[in-house]
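Visitor: Requesting a structural model of the entry that follows:
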Amino acid sequence: MTHRLFEEKHHASIYQRYRFVPPDEVRDIILEYLDRKKGRPHALAVDLGCGTGQNSRLLAPYFQEMIGIDISDCQLEEARAVPGFNNITYRKGTAEELPLPDGSVDLLTASSAAHWFDQQRFLVEAARVLKPRGCMALICFTNSLSLHYGSCGDRLTDIYNEVNKVLLPYTSTQVEVAYSKLEGLYTAIPFPDKERIECIPQTQQISVRIIVGLIESFSMYQAFHRAEPDAATVLLQRTQDRFLKEMAVTSVDTPLEVTLEYYCVLASKPG
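Guide: Okay, the predicted model is just below:
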C-alpha cells in the first residue's frame, strides 16, 4: 500500500524548516555513478516522495528537467513556494504509479522516502520508466546522530537518545526499514548492477531550535502527538530546556554541531 503521511500543513511546514538537505558528498556520489553507468546528457531526474523539495533542489542544476512527485498537497505547496528553480515541476502522485512514459527517466531518486514505498510495485515502476542504463539513487540517514558543544557533547547526545527511547513504541515498521539501510529493498532490486554505500558522515552547524524541530518532524513524534498531544508537547519542551541547561545558554538559536550518517542505494538498469 501507499502510506499517506506528512500531509498536514503544519507537518509540511516543519519539514521545510527543519529537515536537512542531503550533503554535497551524497549528491556527488550520485552524479558520479550516473556519469559512469549511463553517461551524459542528463535529461530527466525524478525525485520520489519529494516532500518540500530539498533533494529536488539539490540535484536540479545538473539536469535539464527535474520532476518532484509526492502524495501530499501541503508538502508540494511548500516546495512550489521556493523560488529560483525553473526546471523543477512538482506533481501529485505515488512511487507505485508514476505518470511517466516507459524508458523516459535518467535518474530516479528518493531522499528519506523509499522506506514508505510498496517495495515490489515501486521496483516494477522503476524498471519501466528508467532508460537503458538509467540509475536509481535512494538516500536516507540513520538513527545514529551525535551532538557536540564544548565539553557536553556526550550528554547532549544522551538526551537525544533518550527522546528516541520514548518514541520507540511509535516507530513504524517502515521507519525500521530505513534504519536497516533499506537492506530488503536493496536485495529485491532486480538489476545486477547495484551497490550500497552504508556510511557517509556529515557534520554541520545547527541551532538548538533546529535539532528540536528535527525531532518534531519525525513520523514517530507525530504519531506520539496524535496519541498523547499533551505528553508529546511536554517532551519537546523538556528536551529543548535540557539542551539549553547542559549548554549553559538561554537562546534556542545557539549553534551546536551535529554529525549524521547517510547511506545511499545505487542501481543501474541494464542497457
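
Visitor: from here on, contacts and neighbour counts on C-alpha atoms
Guide: Fine.

Visitor: For this structure, give me the ranges with low pLDDT.
Guide: Where the chain drops to pLDDT under 70, the residues are 1-19.

Visitor: Now tell me what touches the lengthiest helix in the chain from outside.
Guide: Using DSSP state H, we find that the single longest helix of the chain is helix 229-247. Residues outside helix 229-247 that contact it (Cα atoms under 8 Å, 6 or more residues apart in numbering): 149-150, 152, 155-156, 159-160, 163, 208-209, 212, 215-216, 221, 224-225, 250-252.

Visitor: Select the longest strand from the protein.
Guide: strand 130-148 (DSSP state E).

Visitor: Tell me the buried residues in that strand?
Guide: Using 16 or more other Cα atoms under 10 Å as the test for burial, strand 130-148 gives 130-143, 145-148.

Visitor: what does stretch 171-181 give?
Guide: Neighbour-count burial for stretch 171-181, counted by 16+ other Cα under 10 Å, picks out 171, 174-175, 177-179, 181.

Visitor: and which of those residues is nearest to residue 118?
Guide: Within the buried residues of stretch 171-181, the smallest distance to residue 118 is 10.0 Å, found for residue 174 (Cα to Cα).

Visitor: which stretch of helix or strand covers the closest one?
Guide: Under the criterion of DSSP states H and E, residue 174 resides in helix 173-179.

Visitor: got the CA coordinates for the next helix or strand after that helix in CSV?
Guide: Using DSSP H and E, the helix or strand that follows helix 173-179 in sequence is helix 183-188. Extracted in CSV, the C-alpha atoms of helix 183-188 (Å, rounded to 0.1, in the frame of the first residue of the first chain):
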residue,chain,number,x,y,z
GLU,A,183,18.5,-3.9,3.2
GLY,A,184,15.4,-5.8,2.0
LEU,A,185,14.7,-3.3,-0.8
TYR,A,186,18.4,-3.5,-1.9
THR,A,187,18.2,-7.3,-2.1
ALA,A,188,15.0,-7.1,-4.1
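
Visitor: Which strands or helices does the helix holding residue 174 pack on?
Guide: On a contact count with 3 or more Cα pairs under 8 Å, 6 or more residues apart in numbering; DSSP states H and E, helix 173-179 meets strand 130-148.

Visitor: Can you tell me the strand partners of the strand it packs on and which way each runs?
Guide: Applying DSSP bridges to the sheet, strand 130-148 is found paired with strand 105-111 (parallel), strand 255-268 (antiparallel).

Visitor: Any chance of those in TSV with distance to residue 192 as columns?
Guide: Output for those, formatted as TSV (distance: least, Cα to Cα, whole Å):
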stretch	distance to residue 192
strand 105-111	17
strand 255-268	8
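
Visitor: winner for burial among these?
Guide: strand 105-111 (a mean of 25; mean count of other Cα atoms under 10 Å).

Visitor: Next one: residue 215 from residue 183, what distance?
Guide: Distance of residue 215 to residue 183, given as Cα to Cα, to the nearest Å: 24 Å.

Visitor: Between those two, which is the more surrounded one?
Guide: Using other Cα atoms under 10 Å as the criterion, residue 215 and residue 183 rank with residue 215 on top: 21 against 13.

Visitor: contacting residues around the spatially most central residue of the chain?
Guide: Among the residues of the chain, the one closest to the centroid is residue 112, at 2.5 Å (Cα atoms, centre = their mean). If you count contacts by Cα under 8 Å, 6+ apart, residue 112 has them with 138-141, 178.

Visitor: My read is that residue 55 contacts residue 49, right?
Guide: No. Contact criterion Cα atoms under 8 Å: residue 55 and residue 49 do not qualify, at 9.8 Å.

Visitor: list residues touching both of those two?
Guide: Between them, residue 55 and residue 49 share the contacting residues 110-111, judged by Cα under 8 Å, 6+ apart.
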